[in-house]
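*Asks:* got a structure for you, letters missing:
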């Protein structure tokens, strides 16, 4: 078996980024090129998916009022089923808005022998939203269950079910468990319908409106399987935010994968394509 890096890229292959219609996506070829070079360097298969990769899902989900973003990130569930069908050993899923450090080691060798590696997501509103979906819609944890645990080493509250999906690594053993709990492309809409989610409910939490996305479905799998006992938190360097990597001067942190994290980060990349202090670090 072999390893793969998955990305979600729903732009047409012949997209002309010089065209004003694509100006907001001008960062894509640089990030994509960086990920492509990294995959080639570590000998991993690079698998790019979009809605057309899962035609049964595409044709059914388009009948409902989900945002383009939701439809795209739901693919993170279908990727798990694709991985199992391919018979791969491990995979890493990377958000497309990432650039790779030229000295980044092999993510699979760095996590050799580990089954499930991902960061915790500490955003309070997201954790609260996730709790509502788990309790009131998905109904997989009890109404009085605490969704945080305490890290005994430092007393910090750790979310039980909210993990950050900017970058993660999973083995075949873990994914085979999760796919037993999660819908494939043929029954995805039926799953949403069963849990009263087809109307795309918006939940207001701490003054923010939140919708149902891939993180909530992953949380469903965590709550209904035993995979969390295999979880080993990903080190910061594998999903570093660009501000800490490039905007703190002498205090810039070392990183392996740099997450651009929103429109400001993407513009930062475009503004610094001729800046050697930035480009000497990343492979684009």
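*Replies:* Looks like it arrived, so ask away. What you see is a predicted model, and the numbers here were worked out from it, not measured in a lab.
*Asks:* so how far is residue 94 from the closest residue in space to residue 269 that isn't next to it in sequence?
*Replies:* Among residues not flanking residue 269 along the chain, residue 27 sits closest, at 5.4 Å (C-beta to C-beta, 6 or more residues apart in numbering). Where you see a C-beta, it was placed from the backbone N, CA and C, and this is true even at glycine. For residue 27, the distance to residue 94 (C-beta to C-beta, to the nearest Å) stands at 14 Å.
*Asks:* who has more neighbours, the two?
*Replies:* residue 94 (27 against 21; other C-beta atoms under 10 Å).
*Asks:* Any chance of the backbone angles for the more buried one?
*Replies:* phi -120, psi 130 (degrees, to the nearest 10).
*Asks:* mind checking which helix or strand the closest residue to residue 212 other than its chain neighbours is in?
*Replies:* Closest residue to residue 212 apart from its sequence neighbours, by C-beta to C-beta, 6+ apart: residue 197 at 5.5 Å. Assessed by DSSP states H and E, residue 197 sits outside every helix and strand.
*Asks:* and what of residue 125?
*Replies:* helix 124-132.
*Asks:* what packs against that helix?
*Replies:* strand 203-205, strand 208-210, helix 214-224 (3 or more C-beta pairs under 8 Å, 6 or more residues apart in numbering; DSSP states H and E).
*Asks:* want to throw these into TSV with mean pLDDT, distance to residue 138 and mean neighbour count?
*Replies:* TSV is the format used below for those (pLDDT from 0 to 100; distance: least, C-beta to C-beta, whole Å; neighbours: other C-beta atoms under 10 Å):
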stretch	mean pLDDT	distance to residue 138	mean neighbour count
strand 203-205	94	13	14
strand 208-210	94	15	14
helix 214-224	97	5	22
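*Asks:* between the ones you listed, which gets nearest to residue 184?
*Replies:* Comparing the helices and strands packed on helix 124-132 by their distance to residue 184 (C-beta to C-beta), the top pick is helix 214-224, with 12.2 Å.
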